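Student: Got a sequence here, can you model it:
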Amino acid sequence: MSPFRETGLSGLWLIEPRIHGDERGFFYESFHQQQFDAAIGRHVEFVQDNHSRSSRGVLRGLHYQLPPQAQGKLVRCVAGEVFDVVVDLRRDSATFGRHFGTLLSAANHRQLWIPEGFAHGFVTLSEHAEVLYKTTAYWSPQHERALRWDDPQLAIAWPLCDGLQLSARDRAAPLLADAEY
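Tutor: Take a look at the predicted model:
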């Protein structure tokens, strides 16, 4: 049985790896290039790994990069728990402007494959959380953009909405209607 699950947004995959556990702990393959490429239907080359640590209530996002530096991301939470959200920004997509949210945690081992053309963000639900993600393009400040996390048009039901901690850049991010994508 494949660990890749459809999300309702074309190209966006929720990955639930097979966990092998016993009294000693657990083991799983967090990435397998051939299986990954076969599941998403194309070859992907990752060029950068990122690692973030956040405290409870920290909201990061919604971030994306414009072409030619658009990034695909393979995201997982290795400590704690986050509510992870992506927004489809592909103009030609039938799901443009729609979002998908899910819990990623050290306990559930889920991952999200987020292809190019999506904005991404998360809020930390546990005392602390560590998120790892691989990207298909290098970070490029001149191509980096953000969407407003609380855009009424997106209507994202973020948990922990009281006392969220955001960067100044994320607080000032434009609404979808005003964003460059």
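Student: ok, what's across the strand from the residue most central in space within the chain?
Tutor: Central residue of the chain (C-alpha atoms, centre = their mean): H120, 4.7 Å from the mean position. Beta-bridge pairing of H120, defined through DSSP bridges, involves H63, V86.
Student: That one is in contact with G72, isn't it?
Tutor: No: using C-beta atoms under 8 Å, H120 makes no contact with G72, being 10.2 Å away. Bear in mind the C-beta positions are built from the backbone N, C-alpha and C, glycine included.
Student: List the residues that are in contact with both of those two.
Tutor: I114 (C-beta atoms under 8 Å, 6 or more residues apart in numbering).
Student: okay, now D84: neighbour count?
Tutor: Neighbour count for D84, taken as other C-beta atoms under 10 Å: 26.
Student: hang on, isn't it packed against G101?
Tutor: Yes: using C-beta under 8 Å, D84 and G101 qualify as a contacting pair, with a distance of 6.7 Å.
Student: Hmm, G80 is touching H128, no?
Tutor: Yes: using C-beta under 8 Å as the test, G80 is close enough to H128 to be in contact (5.4 Å).
Student: Looking at those two, which is more packed in?
Tutor: Counted by other C-beta under 10 Å, G80 and H128 do not tie: G80 has more neighbours, with 21 against 13.
Student: contacting residues for that one?
Tutor: Residues counted as contacts of G80 (C-beta under 8 Å, 6+ apart) are S105, A106, T124, L125, S126, E127, H128, A129, E130.
Student: Could you do R18 as well?
Tutor: By C-beta under 8 Å, 6+ apart, the contact list for R18 reads P3, Y28, E29.
Student: Reformat these as a markdown table; add secondary structure.
Tutor: Listed next are the contacts of R18 as a markdown table, based on DSSP: H, G, I helix; E, B strand; the rest coil:
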| residue | secondary structure |
| --- | --- |
| P3 | coil |
| Y28 | coil |
| E29 | coil |
